[in-house]
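Undergrad: sequence and predicted structure below; questions after.
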Number of protein chains: 2
Amino acid sequence: MKIIVLGGDGFCGWPTALHLSRSGHDITIVDNFSHRQIDILLELSSLTPIQPLSTRIKVWEQLTGNKIGFSFLDLANDYDKLVQLLVEQKPDAIVHFAEQRSAPYSMKTPSTKRYTVNNNVNATHNLLCALVEADIDAHVVHLGTMGVYGYGWLGNAPIPEGYIKVKVETPEGEIDREILHPANPGSIYHMSKTIDQLIFAFYAKNDQIRVTDLHQGIVWGTQTPETELDERLINRFDYDGDYGTVLNRFLMQAAMSHPLTVHGSGGQTRAFIHIRDTVRCIELALLNPPQKGEKPTIFNQVTEVYKVIDLATLIAKKTGAEIMHYPNPRLEADANDLKVKNDQFKALGLKPTTLSQGLLSEVEEIARKYVDRVDKSKIPARSLWRSLRTNQGSGMPAVGRRKNAAGVKRVKHNNRKIMLKGKP
Amino acid sequence: MKIIVLGGDGFCGWPTALHLSRSGHDITIVDNFSHRQIDILLELSSLTPIQPLSTRIKVWEQLTGNKIGFSFLDLANDYDKLVQLLVEQKPDAIVHFAEQRSAPYSMKTPSTKRYTVNNNVNATHNLLCALVEADIDAHVVHLGTMGVYGYGWLGNAPIPEGYIKVKVETPEGEIDREILHPANPGSIYHMSKTIDQLIFAFYAKNDQIRVTDLHQGIVWGTQTPETELDERLINRFDYDGDYGTVLNRFLMQAAMSHPLTVHGSGGQTRAFIHIRDTVRCIELALLNPPQKGEKPTIFNQVTEVYKVIDLATLIAKKTGAEIMHYPNPRLEADANDLKVKNDQFKALGLKPTTLSQGLLSEVEEIARKYVDRVDKSKIPARSLWRSLRTNQGSGMPAVGRRKNAAGVKRVKHNNRKIMLKGKP
């Protein structure tokens, strides 16, 4: 297949591009290096020494003989260039990772909120609009998020794959309907992905665009068999408070002999998937497109669920790290249960990498190996979900937290200073 | 109340600003004159001789002594100016009309699709983001559309006001939930308003912004008691295929002794409201805000439902016009029933202006009075919902229609030419 990977320089995009290239597909990467640029602005860098994309592509060709194309293009802004690319390439499929993908970053400032909405919504809409204009019948495989569902909306029932059957009372009796699972986003980032769903549904109906939306859990792990072939192919590892997922931050902290920082009680249950399984799932989705005129296919791209505290305990046991609790900057339940259906990928033969198998090698081969590259000041999460106004009288600690040397947090709340001690 | 009217130079915005000013509120209009600019690009103009906004505001002050403020500001692009305005004005409420509001225009070209999404989504998101940044607890009253619901999703049951109760089967038994009515938009424009709903829901939950979303039907009528005070205060009347609603186009055709052009059988049932009732509904919504922390309040802002063919027949009877059927450029059912709940406005005391009362004065006082200003070439609807690709094999006529002198349409379909005769 001829496949364009939008955002192909990123954490999921790069290993996906390599995996698909190795499987024999003809790959073109599109990227505007937005994450590398955000890294510069936030004074961050990947723990792993990622190489410039041109080096990555050259090394890949030297090792495998496979060429990967590249087009520098800002999907949200370079619409005409996008149309031209589609007309020239006539892709069979497009994998769409080209969105700002950090929830904390999306809540950081008015500017990052607005960037996330503008970039993500226009990127998705431009892609679909361009496919119609260029008259290209390519299958769009999009990386969604489990966060579109929120947590606990169905009580303890497992989260279905995208759609849900409901009954509605009407004057003429009860009727059955299948609907998109109601949107319950917890951040501007997650909201942008619920917006994507509406855009996909419209273009699938009006223009018969074929779309698969993959609602992915939290990705962990760094390497895939392809990125391991040469250190110059290494994948990103983000450990900072904005782009580092909870697991990566724990791994980093463990490698540094820093206590694992758990937000709240750690009773939040989250869904996980290893990056190796991400790239396999994307290939499975590419091989199983919906028919023209069908509504978007939705898969839940997750393999395991864990409570954050259990994850911390697992890592603590394997590494000897301590655990410390901090106030949660997010507006979310302190504890929740979570069951997720992932029957479709299981039926397609996915054999997952589990956390209990893979964690230790992550600590040893990534976190400990590159620990000298770490900037410790970047580990705490700093973005706040709540505006000051929302907090007035809510009793919730809010803006202005800083940590002193003893690991004790000072939290400024409505002009009063509160000392919160990290609980063991 | 101190009220900012975003889009206050437009068809709904201008009479709303005047009505609220007359009721004693302190009004500031924000506008970027986007509709006047689109008029220039499409070579259109309002049938009625609308004056520049500065003239309108001056005349209003001369007649009533009431000052109306104005800020030229592009909501989707001038974010910093918006924040500054909010900080200076500290409004109690904001009426948000500042969106591209034509469904046919939103389907016209890739550029108009992209403009509609970019403008409408960023306008709404910027407003909410700015309210949080400026820490202003203003009630946002937004003009939505009945088109978010689509038609017939609930069968013959009346469309509820925004939310719908559903039952969901789970392994632990049936559970009851209240959800936003599922989105079923029929155009990019309508899709943008379903996106607005997700943005409102998020900011209401995360930042306790108070929002009322008014799902309006098709507005008819031109004048309100305030715009009638002086011809220089006259409201817009759009009769073109993009911005003219079905009723305005019929009125214009009747005034010109042109047959009334009905798309398809005319069995489409639509919801209507007079502009006089629009401005009253907005005032009622302003006087009845939701509480902080509540989900957005949704009203259905409609007063009557009519089948398009019955509307044409009503006008034909009153004016002696003929009726002619044309192929429908929209992707929609040829006929549907429609019942709409509007209990909330009725409970608040709205006494509607009905079509059977008001139509004739519209024909005489607006359409016939200004008939010499009409550009006949602008009356047919030209935007097409379907891409060529979607039509292949569907048997639906598509791109390239033109009318010859005899009122017979040539429709180019998959490179074959088909002659469709206008049915009487």
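TA: Yep, that arrived. None of the values given here were measured: they were computed from a predicted structure.

Undergrad: in the sheet, which residues pair with residue A:143? Tell me.
TA: Applying DSSP bridges to residue A:143 gives these bridge partners: residue A:214.

Undergrad: correct me if wrong: it contacts residue A:10.
TA: No: using C-beta atoms under 8 Å, residue A:143 is not in contact with residue A:10; the gap is 9.8 Å. No exception for glycine: its C-beta is placed from N, CA and C like everyone else's.

Undergrad: quick check: neighbours shared by these two?
TA: Residues within reach of residue A:143 and of residue A:10 at once, by C-beta atoms under 8 Å, 6 or more residues apart in numbering or on different chains, are A:97, A:101.

Undergrad: can you pull up the most central residue in chain A?
TA: Nearest residue to the geometric centre of chain A (C-alpha atoms, centre = their mean): residue A:101, 5.5 Å.

Undergrad: number of nearby residues for the residue nearest to that residue when sequence neighbours are not counted?
TA: Distances taken as C-beta to C-beta, 6 or more residues apart in numbering or on different chains place residue A:189 nearest to residue A:101, at 6.8 Å, with adjacent residues excluded. A total of 24 residues lie near residue A:189 under the criterion other C-beta atoms under 10 Å in any protein chain shown.

Undergrad: I figured residue A:189 hits residue A:113, correct?
TA: No: taking contacts as C-beta under 8 Å, residue A:189 lies outside contact range of residue A:113: 9.2 Å.

Undergrad: pLDDT wise, what is residue A:329 at?
TA: Residue A:329 is assigned 84 on the pLDDT scale.

Undergrad: in what helix or strand does the residue lying closest to it once chain neighbours are set aside lie?
TA: Once flanking residues are discounted, residue A:329 sits nearest to residue A:384: 5.0 Å by C-beta to C-beta, 6+ apart. Assigned by DSSP states H and E, residue A:384 belongs to neither a helix nor a strand.

Undergrad: now residue A:384: how far from chain B?
TA: Residue A:384 is 11 Å from chain B, where distance means C-beta to the nearest C-beta, to the nearest Å.

Undergrad: now do that residue against residue B:205, distance only.
TA: The gap separating residue A:384 from residue B:205 is 15 Å, by C-beta to C-beta, to the nearest Å.

Undergrad: now residue A:118. Nearest residue, chain neighbours left out?
TA: Distances taken as C-beta to C-beta, 6+ apart place residue B:122 nearest to residue A:118, at 5.8 Å, with adjacent residues excluded.

Undergrad: compute the number of surrounding residues for the one you found.
TA: Residues near residue B:122, counting by other C-beta under 10 Å, number 21.

Undergrad: give the other helices and strands that the strand or helix carrying it contacts.
TA: Using DSSP H and E, residue B:122 sits within helix B:110-134. Counting contacts by 3 or more C-beta pairs under 8 Å, 6 or more residues apart in numbering or on different chains; DSSP states H and E, helix B:110-134 packs against helix A:79-89, helix A:110-134, helix B:79-89, strand B:93-96, helix B:103-106, strand B:139-145, helix B:188-207.

Undergrad: give the contact list for residue A:182.
TA: A:153, A:164, B:177, B:179, B:180.

Undergrad: mind running it again at 7 Å?
TA: The neighbours of residue A:182, taking C-beta atoms under 7 Å, 6 or more residues apart in numbering or on different chains as the test, are A:153, B:179, B:180.
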